[in-house]
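1. based on what follows, work out the 3D shape:
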Amino acid sequence: MKKRFIFAFLLMGFTSLAAETLLIREFFVSFNGNELTIGIILANWIMLVALGSLLGGRLAAKISRPVLAYSILQLLIAAYLPICIFTIRVLKNMLGLAVGEGAGISAVFLSSLLIPACAGIFTGMQFPFGCRMAHEASGRAEEAAGTVYAVESAGFMIGGPVITYYLITFLNSFAAVSVVGIANAVSAASLLKHETRPGGRGSSPLWIGAACCASLAIFSLSGPASALHDLSLAGQWKGRELVAYRNSVYGNLALTRNAGQYTFYGNGIPIITTPLPDIASTEALAHFGMLSHASPKDVLIIGGGAGGMIHEILKYPVEKLSYVELDPSLIRLVNDFPTPLTAGELDEARLDIRYTDGRYFIKITKEDYDVIMVNLPAPSTLAMNRFYTTEFFKEAGRVLGTNGIIVFSLPGSLSYLGPELRDLNASVLAALEGQYSVNVIPGYSNIFIASKGGITLTPDILFQRLEERKISTKTFNKAYLADRLDRQWQEWFYGSVGKAKPLIKNSDRSPAAAYYAAAYLNTMASPRFRAAEDHLGKITLHNSLFAVLICGLIVVALGRYGRHRKAVASGAAIFTAGFVGMSLNLILIYAYQSSYGFLFSHIAMLMASFMAGLAFGGWLMTRSLSRIKRDMDCLAATELSAAAFVLVAGLFMAGPGTAKTPILFFVLLAASGFFVGAEFPLANRIALRGRGAADTAGMLYALDLAGSWLAALLVSAALVPLVGIPGVCSILVCVKIPSIIAVSMNRG
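-> Next comes the predicted model:
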């Protein structure tokens, strides 16, 4: 195939990943996202790309100049992406939402569907036009779709590290899309330079125009892109003085100033306020934890130390305070804009800052601690939930001293614990019980104090220690202690959590608290979500398998008695491959995080492993098509192998030896990508007979994306938390069975 075509198809995957990544990050910052909102945004993007593939398949079969159409799509995408980013940033003010305020699910759904609609549809339309171009260049219709699929997947693979470690880290979003736009304009110019009109005339004016677009994009990278970035931020942070705005591989950081008060935001959520922090909540968590231990000398803070917590803990005669912070960019930003509070904290000789994942640090440290403070947000995402599971509490127990304690907080109430709050607190409490003696101090923030040796908390004991250690506080006094530790609050709390529905103990394999916390936050932002949450909360393994059974019977019936039986069978194989592939991708990455921590370089390589497997599977099957005589037999064998692989992957993640075999995560992700990639060219050849190459490729690509869409919407947001990883793997095996039967019935 021509080199300029290969570059264009690589760029298709690269551009799609860049658009998807940048838009999700912008939505995440604007709407304070969690797993459910991310799932909705990702699912909408995939749905738009699938729709574009369907529309493009029909158009590509009719248009006489596919190269011209493909080039125009490249230029349209390059032009539209900056509009998307600008609109997302100013949307929150248009909706009347304050900075730091979450948006309702309906607002998230509609905005993530409508704003990137043109970009997603244009991106999807590229694939069938690319297949038409590959067909005309090679003359081999059966291999065209597989080739484009494999090359696009390689573009995704290349894009992962480039986008993560260059575009996002060093450029603002407008500069990043300018780079993507330059690449697309250069590719369009290259394609159009050699494009000829009917009758043999060239398209010089068009490719010269594309070259001018590339030049304009290069110019805008330093000038207009920066101005547009500043203008959009003024709209996004309206009414606030924005002092700094930075991206890192871990997220977005922003700093505002008001009357000398700095507020640091992480992904749109306030995380540090200085020099006057939220004194009441900071003192409560710090002093209840420190006073619960008879003589705390070595203390560990996981997250949220700067801006008050370190200051309060260092009032005690501790010998060493270890502070684990995931993102070094946050501490650099705090140091760039110091206040007396943060400067005093971070310059303290007893402070030891470690830049790594908190759970990973717990695994590798050789030190013992008297107090471990987990000062992190509620477990509304799978990444945060890892610090509230049975496995984490067990790992933390290994580094606690004889009478060591763990301290953390969860959202609460002193009037009414709604179903979401009740189930959240009950699920985490169940994860602690059996390993620790647990004391819960109810409040609008419930403080959990878990001890290995057992402790007695009374107002008199804690106040005596406060006076003996000569600790000065603003709100932490004897009357406050008597109120917070009043026995009636204890009885009320335990009575409320005792009413929790059939309880799922929060664990790495069944991260139920992530669902309950996300449901609580989403219900707070959008009360109408409660009705949907009531239905989602009823998901179980049994009713999930029943739904799969009903859908499977329909697929089998269509594959046996339908008009286009082989096309139905191959389409079912591709749909289930997309669903299973995306599901395994999400599950394996989450399982890796649980075992080894949120190490971003590793996560990027895990994603690259999946895309490498996808590209290799598509390339290998495309190369083998000419030697395959019985394509339905081959597809059936591939389907059976994929189902067996899912079973093996499920057993691996459920087994006790997972933490000892890190390389297997990379191997399993590559293998899951391989099966998805290998099925596409084969299914395309089966469905191609009697149809146009572009139309068939567009339809199957849309089915592949539809399966991925369903997985993005359901798996991480609901199925993994409510059914558990072993349960989801059993569902994935059952999802494959109907397509295996449909393919097997049409062999020969």
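2. buried ones in the strand ranked longest in the chain?
-> Under DSSP state E, the strand in the chain containing the largest number of residues is strand 400-411. Within strand 400-411, the residues scored as buried using 16 or more other CB atoms under 10 Å are 400, 401, 403, 404, 405, 406, 407, 408, 409, 410, 411. To be clear about C-beta, it is placed using only N, CA and C from the backbone, and glycine gets the same treatment.
3. next one: phi and psi at the residue nearest to the last one when sequence neighbours are not counted?
-> The shortest distance from residue 411 to any residue that is not its chain neighbour, by CB to CB, 6 or more residues apart in numbering, is 5.5 Å, and that residue is residue 378. As for residue 378, its main-chain torsions (degrees, to the nearest 10) stand at phi -60, psi 150.
4. and the next element down the chain from the helix or strand bottoming out on mean pLDDT in the chain?
-> Ranked by mean pLDDT, DSSP states H and E, the weakest helix or strand in the chain is helix 204-222, scoring a mean of 59. Going down the chain from helix 204-222, the next helix or strand is helix 224-236, by DSSP states H and E.
5. CA atoms only for that following helix, dumped as CSV, please.
-> The C-alpha trace of helix 224-236 is given here as CSV (Å, rounded to 0.1, in the frame of the first residue of the first chain):
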residue,chain,number,x,y,z
PRO,A,224,-4.0,32.0,18.5
ALA,A,225,-4.0,28.6,20.3
SER,A,226,-2.6,30.3,23.4
ALA,A,227,-5.1,33.2,23.2
LEU,A,228,-8.0,30.7,22.7
HIS,A,229,-6.8,28.8,25.7
ASP,A,230,-6.7,31.9,27.9
LEU,A,231,-10.2,33.0,26.7
SER,A,232,-11.8,29.6,27.3
LEU,A,233,-10.2,29.5,30.8
ALA,A,234,-11.7,32.9,31.6
GLY,A,235,-15.1,31.5,30.7
GLN,A,236,-14.6,28.3,32.6
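6. could I get the contacting residues of residue 642?
-> When contacts are counted by CB atoms under 8 Å, 6 or more residues apart in numbering, residue 642 touches 577, 580, 675, 679, 736.
7. buried sites along whichever strand or helix holds the fourth one?
-> Secondary-structure element containing residue 679, defined by DSSP H and E: helix 662-688. In terms of neighbour count (16+ other CB under 10 Å), helix 662-688 has its buried residues at 664-666, 668-688.
8. what do you get for stretch 236-248?
-> 236, 237, 240, 242, 245, 246, 247, 248.
9. wait, the third one touches residue 255, no?
-> No: Residue 240 is beyond contact range of residue 255, at 9.9 Å (criterion: CB atoms under 8 Å).
10. hey, where'd the helices end up in the stretch 101-250 of the chain?
-> 105-114, 117-138, 141-162, 168-170, 173-193, 204-222, 224-236 (DSSP state H, counting those that start in this stretch).
11. now distance to residue 620 too, for those, in a markdown table please.
-> Formatted as a markdown table, the helices of the stretch 101-250 of the chain follow (distance: least, CB to CB, whole Å):
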| stretch | distance to residue 620 |
| --- | --- |
| helix 105-114 | 35 |
| helix 117-138 | 17 |
| helix 141-162 | 9 |
| helix 168-170 | 32 |
| helix 173-193 | 26 |
| helix 204-222 | 34 |
| helix 224-236 | 41 |
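12. residue 304 is nearest to which of those helices?
-> helix 168-170 (23.1 Å; CB to CB).
13. quick one, phi psi at residue 274?
-> According to degrees, to the nearest 10, residue 274 has phi -150, psi 150.
14. quick revisit: tell me the helix or strand right after the helix holding residue 679.
-> helix 693-714.
15. run the angle between that following helix and helix 141-162 for me.
-> 40 degrees (axes from the mean of the first three to the mean of the last three CA atoms, to 10 degrees).
16. oh, and call the first residue 11 from now on, that's how I've got it
-> All right, first residue 11 from here; so that's helix 703-724.
17. helices and strands around helix 703-724, which ones?
-> Here helix 703-724 touches helix 45-70, helix 127-148, helix 151-172, helix 575-606, helix 672-698, going by 3 or more CB pairs under 8 Å, 6 or more residues apart in numbering; DSSP states H and E.
18. please identify the helix or strand for the residue lying closest to residue 193 once chain neighbours are set aside.
-> The spatially closest residue to residue 193, leaving aside those adjacent along the chain, is residue 21, at 5.7 Å (CB to CB, 6+ apart). For residue 21, the element it lies in under DSSP H and E is helix 13-41.
19. give the other helices and strands that that helix contacts.
-> helix 45-70, helix 76-104, helix 115-124, helix 127-148, helix 151-172, helix 178-180, helix 183-203, strand 261-268.
20. the inter-axis angle of that helix versus helix 127-148?
-> Using the same axes, to 10 degrees: helix 13-41 against helix 127-148 is 160 degrees.
21. quick one: average pLDDT of helix 13-41?
-> The pLDDT scores in helix 13-41 average 89.
22. likewise stretch 55-62?
-> On average, stretch 55-62 scores 93.
23. what does it contact?
-> Here stretch 55-62 has contacts from 26, 29-30, 33-34, 122-123, 126-127, 129-136, 711-713, 715-716, 718-719, 722, using CB under 8 Å, 6+ apart.
24. stretch 749-758 too?
-> By CB under 8 Å, 6+ apart, the list of residues contacting stretch 749-758 reads 562, 565-566, 568-570, 575-576, 578-580, 582-583, 585-586, 640, 642-643, 645-646, 649-650, 653.
25. got a PyMOL select line for the buried ones in those residues?
-> Applying 16+ other CB under 10 Å to the contacts of stretch 749-758, the buried members can be selected in PyMOL as follows:
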select buried, resi 562+565+566+568+569+576+578+579+580+582+583+585+586+642+645+646+649+653
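26. could you list the low-pLDDT ranges of the stretch 611-758 of the chain?
-> 611, 613-614, 665-670, 699-702, 758 (pLDDT under 70).
27. ignore the last one, the stretch 161-310 of the chain
-> Ranges of the stretch 161-310 of the chain meeting pLDDT under 70: 204-233.
28. pLDDT wise, what is residue 359 at?
-> 91.
29. how many residues are close by it?
-> By other CB atoms under 10 Å, 6 other residues sit near residue 359.
30. now do the SS call for it.
-> coil (DSSP: H, G, I helix; E, B strand; the rest coil).
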